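In: what's the 3D shape of this:
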Amino acid sequence: MRNSLISKESFCNFLIEGKLADSIDFDNLYELYLLVIETINDVLTQTKNAFNLYVNHYVVIFYIINEYKFYLFSHNITDHSLINKDSEEIQVIGSLCADKYLTNEKLNFKSEAFLNKFNPPVSTLDLYLNFSLRTLESIKVKDKNASLLKDMLTKAMKMGKCILNLLTDGFETEAFSTWRTLHENECIMICLVRNGNKMFGAYFKHIRYALAYRNQIQNKDEVDKIFEQIKAEMKEHDLKSKDMKKYIEYGYLYSAKEQSEDTPLKLNFRDGVEKLAGLSNYSKVYEMASEIAHSSPLLLFSRRSYYFEITLLNLYESFFRLEVIFEAFYRSVNNKEIVQQYENMKAVYLRELHLIYAVMQKTFIKNNIRPKKS
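Out: Numbering: from 1, shown residues only. Here you go, the predicted model:
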């Protein structure tokens, strides 16, 4: 069985319409394509698995274009017309493309996953994340605080998509450690939104402190002034020189509206940011995710299904909190007519997400309940 070739005309049209190969000789690319397909077909016709005989020609073309461009760049070849169809270069590039297609597409390592991307717990949340990201991308803001919030929401939604991709690829512990970062992001956002301009101002100031600490500011006089300011502020809070890194990273917490004298905020995440965000009930699961992130034995010796379920549940819970921030932000920058479109979407899909979450929560409890000792 042989796969039908794409005609030269269709091949060229595909490159032109996709703006994939500007200034590159299409004749060379097409000859390369014929060579790669012939090599792939010769290998696949020897397989006993009929499914593997199918070749996605457009995926092959993407391998060819990127391999060809990189070859020109890495070998400093500016006049690609010097490479002819019978050259050694074409043979090398063709061999690389065939090997990569066969290995990465046909023999791609896949870890068995508990859900695929079409399953409602994944596809529904992915739909909402895509909507949110597309919406955020279209929003233009000039206010400094709003711009920061937009960037943080965008990063959070992207991490949500990343976690879903890791879960559907069968990488549960990696997804769980990524949720840890997402949780840190959401806690900071909650603190900023609740405490308003004063904390936003302090947060921006401490970003500048961090840039100076990490040698990202080139002006030495400016850096010296920043460190003088840091030391003066640390003295006000009775902090020692050993506390400088903690102050730079978490010192903005001192700008919180309310702080308990009995249990003051500490300059760390769990007893500072997470506590101020009102999410200390996640302290234990955050600690577990931290152990995974730092390659504790849990990374290797863990029950995959447990980490799959707990990651997806925590992702949903984080998303519900993020959606509240997203809605308030969305309403603040759009007119009523556009907001109504969001309301229509939310009425259907947020309700669906809550239903899915309730089902998953019951399943998790059922799967992880410990039998009583007799």
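
In: which elements pack onto the helix of greatest length in the chain?
Out: If you go by DSSP state H, the chain has its longest helix at helix 336-368. Packing partners of helix 336-368 (3 or more C-beta pairs under 8 Å, 6 or more residues apart in numbering; DSSP states H and E): helix 120-138, helix 304-333. No exception for glycine: its C-beta is placed from N, CA and C like everyone else's.

In: what's the longest one packed up against?
Out: With contacts defined as 3+ C-beta pairs under 8 Å, 6+ apart, the packing partners of helix 304-333 are helix 120-138, helix 144-168, helix 172-195, helix 283-293, helix 336-368.

In: including distance to residue 20 and mean pLDDT, could those go into CSV?
Out: Listed next are the helices and strands packed on helix 304-333 as CSV, based on distance: least, C-beta to C-beta, whole Å; pLDDT from 0 to 100:
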stretch, distance to residue 20, mean pLDDT
helix 120-138, 23, 94
helix 144-168, 24, 97
helix 172-195, 31, 96
helix 283-293, 38, 90
helix 336-368, 33, 89
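
In: looking at those helices, which is buried most?
Out: helix 172-195 (a mean of 22; mean count of other C-beta atoms under 10 Å).

In: kindly export that helix (C-alpha atoms) in CSV.
Out: Taking Å, rounded to 0.1, in the frame of the first residue of the first chain, the C-alpha atoms of helix 172-195 are listed here in CSV:
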residue,chain,number,x,y,z
GLU,A,172,0.5,13.4,36.3
THR,A,173,3.3,14.4,38.7
GLU,A,174,4.6,17.0,36.2
ALA,A,175,1.1,18.4,36.0
PHE,A,176,0.8,18.5,39.8
SER,A,177,4.0,20.4,40.2
THR,A,178,2.9,22.9,37.5
TRP,A,179,-0.4,23.4,39.5
ARG,A,180,1.9,24.4,42.4
THR,A,181,3.1,27.4,40.3
LEU,A,182,-0.4,28.2,39.2
HIS,A,183,-1.5,28.2,42.9
GLU,A,184,1.2,30.7,43.7
ASN,A,185,0.1,32.9,40.9
GLU,A,186,-3.5,32.9,41.9
CYS,A,187,-2.7,33.6,45.5
ILE,A,188,-0.7,36.7,44.5
MET,A,189,-3.5,37.9,42.3
ILE,A,190,-6.1,37.5,45.1
CYS,A,191,-3.8,39.5,47.5
LEU,A,192,-3.4,42.3,44.9
VAL,A,193,-7.1,42.5,44.0
ARG,A,194,-8.2,42.6,47.6
ASN,A,195,-5.7,45.1,48.8
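
In: where does this protein dip in pLDDT?
Out: Flagging of the chain using pLDDT under 70 yields the residue ranges 1-3, 23, 48-52, 80-86, 260-263, 296, 298-302, 369-374.

In: got the domain ranges for it?
Out: 8-106, 120-368 (automatic domain parsing).

In: now render these as TSV, adding distance to residue 114.
Out: Formatted as TSV, the domains of the chain follow (distance: least, C-beta to C-beta, whole Å):
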stretch	distance to residue 114
domain 8-106	23
domain 120-368	5
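
In: between these, which gets nearest to residue 113?
Out: domain 120-368 (4.1 Å; C-beta to C-beta).

In: how far out from the middle of the chain is the closest one?
Out: With C-alpha atoms, centre = their mean, to the nearest Å as the basis, domain 120-368 stands 13 Å off its chain's centre.

In: straight-line length of that domain, end to end?
Out: By C-alpha to C-alpha, to the nearest Å, the extent of domain 120-368 from end to end equals 22 Å.

In: and residue 64, how far from residue 251?
Out: 53 Å (C-beta to C-beta, to the nearest Å).

In: who's more crowded, those two?
Out: For residue 64 versus residue 251, neighbours defined as other C-beta atoms under 10 Å are more numerous around residue 64 (26 against 23).

In: name the element the more buried one belongs to?
Out: Element membership for residue 64 (DSSP states H and E) is helix 57-74.

In: how about that helix: buried residues?
Out: Judged by neighbour count (16 or more other C-beta atoms under 10 Å), helix 57-74 contains these buried residues: 57, 60-61, 63-65, 67-68, 71-72.

In: distance to residue 290 for those residues - can I get that in CSV?
Out: Shown next, in CSV, are the buried residues of helix 57-74 (distance: C-beta to C-beta, whole Å):
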residue, distance to residue 290
57, 46
60, 43
61, 43
63, 39
64, 43
65, 42
67, 40
68, 44
71, 43
72, 45
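
In: pretty sure residue 316 sits against residue 125.
Out: Yes: Residue 316 lies in contact with residue 125 (C-beta atoms under 8 Å); the separation is 6.9 Å.

In: burial count for residue 317?
Out: 18.

In: so who does it touch?
Out: residue 357 (C-beta atoms under 8 Å, 6 or more residues apart in numbering).

In: again with residue 306
Out: 367-368.

In: that one and residue 142, how far apart?
Out: 46 Å.

In: tell me how many other residues crowd residue 241.
Out: 7.

In: any idea how far it is from residue 252?
Out: On the measure of C-beta to C-beta, residue 241 and residue 252 end up 20 Å apart.

In: ditto for residue 161
Out: Distance from residue 161 to residue 252, by C-beta to C-beta: 28 Å.

In: thinking again about what came up before, right, and the helix or strand after the helix holding residue 64?
Out: Immediately after helix 57-74, counting by DSSP H and E, sits helix 88-101.
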